[in-house]
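S.K.: model the following, please.
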Amino acid sequence: MISSAAIREFARTLSGYVLLPGETAYESAIKIDNGRIQLRPQLIIRPTTKEDVGLALKFSISNGTTLTIKAGGHSAAGYCMNDGGIVLDLVHLDEITFNSSKRLLKVQMGARWRAVYGFMENTGTGLIPVGGGCPSVAPAGFMQGGGYSFVSRSYGMGIDNLVRLVIVTPDGNVHDVGRHSRSKQDQDLFWACCGGGGGNFGIVVEMEMEVQKPRSEEMLVGQIWFPLEQIEQVFGVYNDWVETIPDELAVYGFCGQRNLLNPADRDPSHKKKLIGLTPVYNGEWAKGLDLLNPILKLNPVMVDLHRMTLPAWESYNGNTTLVENRSAYIRSLVLPSKAMNKKVARTFLDYMGNPPSQDSFVVWTLGGGAISKKAPDETAFVHRNARFIPEVKCIWNADQPGDARKNVEWAYNFFEAIGKAGHAMGAYVNYIDPLLHDWAQNYFGDNYARLLEIKKRVDPDGVFRFQQSIGSPFNPPNPPFADLSPLNRTELP
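M.R.: Coordinates of the predicted model:
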């Protein structure tokens, strides 16, 4: 434990703030999107300058204390937090600037996508960043994991639009790395931060990204809903149809309970079990509507289509998949083309037909298009050839911890079955799973060896470490049910 005197002395050197247990701001800051995570660091540091970040890092190292970095607080496993150490909360590093002549957007890593989208809308240019669909997520973790966007089929992953980043490495040095980098060390560091996962190589404080001009002022967006019982018919068409659509069209998916008239309503008596398809067409309305005909012919129970700018759609739709104060266990898969087959449809029907918690759901991203036009080793993000990226959010009441095991086992077995039926290629690091066997191979594939080499050079003493950080020996068994303790920690014991 760090002494109170040392903390007071350190606080005097900061422009920012130190939060301690019991303070209102501290109790608010330890809450993240997953209510299952109940970790209490000894202190939280909120820097207001890049210099504060360096001071915090030096203070942590000198006291031999765990340091984790929190930006948006959406780490699926809570790895942005820790128990008894220091959390560096970037919330006050939220400056956003725009170079209109170069179409470059500079964002500090405490900003959320909501603020980024609002900022760009206020420029009046109509330009958009390739950002996340959930507006409360921050760019830091999103980008370092790869970053799927509703327009990734048009413009690539978030990292494919990343020009440069500023990162404080464990030696205390500030590195400005990016496409402009000439030294191999800086090129390697930028490569590793483009898909190698957040919290591994240093503290990213700022990013600069290209913004894109949509192919129409407003996009066709919305939801098309079917009863769960229709899933074999829907998947039968969807599985083949997405292989024929243009890159400008993305059609994501949802499976779970929903009140069609009020998505925020949690009363189970008002909900139905549904399959939802979410089209986002980067082009003119009429053309997008024509493209949706094969799906619309399947007689959906409800169609809710709009003409909106992408930022407006992300604000309208983005909060529907939040965990909020409930407990959650999250898993993902990376599936190839044609993976939404009959066996997968029946597996969905079996598991979603009778989940232990009716709040649980599955969402999936549609890959392909511009994403697959880069080689798997061009960035650290290896899954360039994925077609579907499903994520299960198993959610139960935080006041009923005894429900954890049955929900976790359900979600784990569900996605094991989906992976077998759909010939899974791996998993997505931004939906990081503490129970995933062979996680390094699943997340990073053949890129892991290079990531490990860079990690050893940049962070030889393991300053930035957590249970599934690059180089960690942790590997849970398959299945992991005899020991669920990895869900309740961020470090190895």
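S.K.: now do the helix or strand in which residue 330 is found: everything it contacts.
M.R.: Taking DSSP states H and E as the criterion, residue 330 maps to strand 327-332. With contacts defined as CB atoms under 8 Å, 6 or more residues apart in numbering, strand 327-332 is touched by 34-36, 76-77, 389-398, 401, 404, 407-408, 411-412, 415, 427-428, 431, 433, 435-436, 487. Bear in mind the C-beta positions are built from the backbone N, C-alpha and C, glycine included.
S.K.: if any of these are buried, put those into a PyMOL selection.
M.R.: Selection of buried members from the contacts of strand 327-332 for PyMOL, criterion 16 or more other CB atoms under 10 Å:
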select buried, resi 34+35+36+76+77+389+390+391+392+393+394+395+396+398+404+407+408+411+412+415+427+428+431+433+435+436+487
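S.K.: among the contacts of strand 327-332, which ones are in strands?
M.R.: Here DSSP state E is the test, and the contacts of strand 327-332 give 389-396 as lying in strands.
S.K.: CA-only coordinates of stretch 287-306 in PDB, if you can.
M.R.: What follows is stretch 287-306 as a C-alpha-only set of coordinates in PDB (Å, rounded to 0.1, in the frame of the first residue of the first chain):
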ATOM      1  CA  LYS A 287     -30.800   2.000 -53.900                       C
ATOM      2  CA  GLY A 288     -30.500   0.800 -50.300                       C
ATOM      3  CA  LEU A 289     -34.200  -0.100 -50.200                       C
ATOM      4  CA  ASP A 290     -33.800  -2.100 -53.400                       C
ATOM      5  CA  LEU A 291     -30.900  -4.000 -52.000                       C
ATOM      6  CA  LEU A 292     -33.000  -5.000 -48.900                       C
ATOM      7  CA  ASN A 293     -35.700  -6.600 -51.000                       C
ATOM      8  CA  PRO A 294     -34.600 -10.300 -50.400                       C
ATOM      9  CA  ILE A 295     -34.900  -9.700 -46.700                       C
ATOM     10  CA  LEU A 296     -38.100  -7.700 -46.800                       C
ATOM     11  CA  LYS A 297     -39.800 -10.500 -48.800                       C
ATOM     12  CA  LEU A 298     -39.400 -12.800 -45.700                       C
ATOM     13  CA  ASN A 299     -42.500 -11.100 -44.100                       C
ATOM     14  CA  PRO A 300     -40.900  -9.400 -41.000                       C
ATOM     15  CA  VAL A 301     -43.100  -8.600 -38.100                       C
ATOM     16  CA  MET A 302     -41.800  -5.000 -38.000                       C
ATOM     17  CA  VAL A 303     -39.700  -2.800 -40.300                       C
ATOM     18  CA  ASP A 304     -38.300   0.500 -38.900                       C
ATOM     19  CA  LEU A 305     -36.200   2.200 -41.500                       C
ATOM     20  CA  HIS A 306     -35.000   5.800 -41.400                       C
END
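S.K.: how far away from the center of its chain is that stretch?
M.R.: Stretch 287-306 sits 28 Å away from the centroid of its parent chain (CA atoms, centre = their mean, to the nearest Å).
S.K.: so where's the stretch 151-300 of the chain shaky on pLDDT?
M.R.: 263-264 (pLDDT under 70).
S.K.: what do you get if the cut-off is 80, keeping everything else the same?
M.R.: 261-269 (pLDDT under 80).
S.K.: which residue ranges of it form strands?
M.R.: Secondary structure of the stretch 151-300 of the chain (DSSP state E, counting those that start in this stretch): strands located at 162-168, 174-178, 203-212, 219-227, 249-258, 272-281.
S.K.: state the number of residues packed around residue 214.
M.R.: 18 (other CB atoms under 10 Å).
S.K.: just to revisit the earlier point, of all the strands of the stretch 151-300 of the chain, which one comes closest to residue 1?
M.R.: When those are compared by CB to CB, strand 203-212 sits nearest residue 1, at 23.0 Å.
S.K.: export the closest one to PDB, keeping only CA atoms.
M.R.: The C-alpha trace of strand 203-212 is given here as PDB (Å, rounded to 0.1, in the frame of the first residue of the first chain):
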ATOM      1  CA  ILE A 203      -0.700   4.900 -22.300                       C
ATOM      2  CA  VAL A 204      -2.100   6.200 -25.500                       C
ATOM      3  CA  VAL A 205      -3.100   9.900 -24.900                       C
ATOM      4  CA  GLU A 206      -4.000  11.100 -28.300                       C
ATOM      5  CA  MET A 207      -4.900   9.800 -31.800                       C
ATOM      6  CA  GLU A 208      -5.200  11.400 -35.200                       C
ATOM      7  CA  MET A 209      -7.500   9.800 -37.800                       C
ATOM      8  CA  GLU A 210      -8.700  10.400 -41.300                       C
ATOM      9  CA  VAL A 211     -12.400  11.300 -41.700                       C
ATOM     10  CA  GLN A 212     -14.500  10.200 -44.600                       C
END
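S.K.: that one pairs with which strands?
M.R.: strand 104-108 (antiparallel), strand 128-129 (antiparallel), strand 162-168 (antiparallel) (DSSP bridges).
S.K.: looking at the ones in strands among the contacts of strand 327-332, which is nearest residue 196?
M.R.: Closest approach between the ones in strands among the contacts of strand 327-332 and residue 196, by CB to CB: residue 389, at 17.5 Å.
S.K.: in terms of contact, does that closest one touch residue 362 like I think?
M.R.: No: if you go by CB atoms under 8 Å, residue 389 and residue 362 don't touch, sitting 11.1 Å apart.
S.K.: neighbours around the closest residue to residue 333 other than its chain neighbours, how many?
M.R.: Counting by CB to CB, 6 or more residues apart in numbering, residue 424 is the residue found nearest to residue 333 once chain neighbours are left out, at 4.7 Å. Close neighbours of residue 424, defined as other CB under 10 Å, add up to 21.
S.K.: tally of neighbours for residue 320?
M.R.: 17.
S.K.: what about the stretch 1-150 of the chain, any weak spots by pLDDT?
M.R.: For the stretch 1-150 of the chain (pLDDT under 80), the answer is none.
S.K.: how about the helices in it?
M.R.: Using DSSP state H, counting those that start in this stretch, the helices found in the stretch 1-150 of the chain span residues 4-11, 24-29, 50-62, 113-123, 139-144.
S.K.: residue 246 is nearest to which of the ones you listed?
M.R.: helix 113-123 (24.3 Å).
S.K.: contacts for that closest one, please.
M.R.: 94, 96, 98, 100, 105, 107, 127-129, 131-132, 134-139, 142, 211, 309-312, 314-315, 318.
S.K.: so how do I select the buried members of these in PyMOL?
M.R.: To isolate the buried ones among those in PyMOL, judged by 16+ other CB under 10 Å, type:
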select buried, resi 94+98+105+107+127+128+129+131+132+134+135+137+138+139+142+211+309+310+311+312+314+315+318
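S.K.: return the subset of the contacts of helix 113-123 lying in strands.
M.R.: Using DSSP E, those in strands are 96, 98, 105, 107, 128-129, 211.
S.K.: output the residues you listed in JSON lines; the columns should cover distance to residue 298.
M.R.: JSON lines is the format used below for those (distance: CB to CB, whole Å):
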{"residue": "96", "distance to residue 298": "42"}
{"residue": "98", "distance to residue 298": "43"}
{"residue": "105", "distance to residue 298": "39"}
{"residue": "107", "distance to residue 298": "40"}
{"residue": "128", "distance to residue 298": "31"}
{"residue": "129", "distance to residue 298": "34"}
{"residue": "211", "distance to residue 298": "36"}
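S.K.: remind me, longest helix of this protein?
M.R.: helix 404-422 (DSSP state H).
S.K.: dump it to CSV, restricted to CA.
M.R.: Only the C-alpha atoms of helix 404-422 are listed here, as CSV (Å, rounded to 0.1, in the frame of the first residue of the first chain):
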residue,chain,number,x,y,z
ALA,A,404,-23.6,-16.1,-12.0
ARG,A,405,-22.6,-19.7,-12.6
LYS,A,406,-25.6,-20.9,-14.5
ASN,A,407,-25.5,-17.8,-16.7
VAL,A,408,-21.8,-18.1,-17.4
GLU,A,409,-22.0,-21.8,-18.2
TRP,A,410,-24.9,-21.1,-20.5
ALA,A,411,-23.1,-18.4,-22.5
TYR,A,412,-19.8,-20.4,-22.6
ASN,A,413,-21.5,-23.6,-23.9
PHE,A,414,-23.6,-21.6,-26.3
PHE,A,415,-20.6,-20.1,-28.1
GLU,A,416,-18.7,-23.3,-27.9
ALA,A,417,-21.6,-24.9,-29.9
ILE,A,418,-21.8,-21.9,-32.3
GLY,A,419,-18.0,-22.1,-32.9
LYS,A,420,-18.2,-25.8,-33.7
ALA,A,421,-21.2,-25.4,-36.0
GLY,A,422,-19.9,-22.3,-37.7
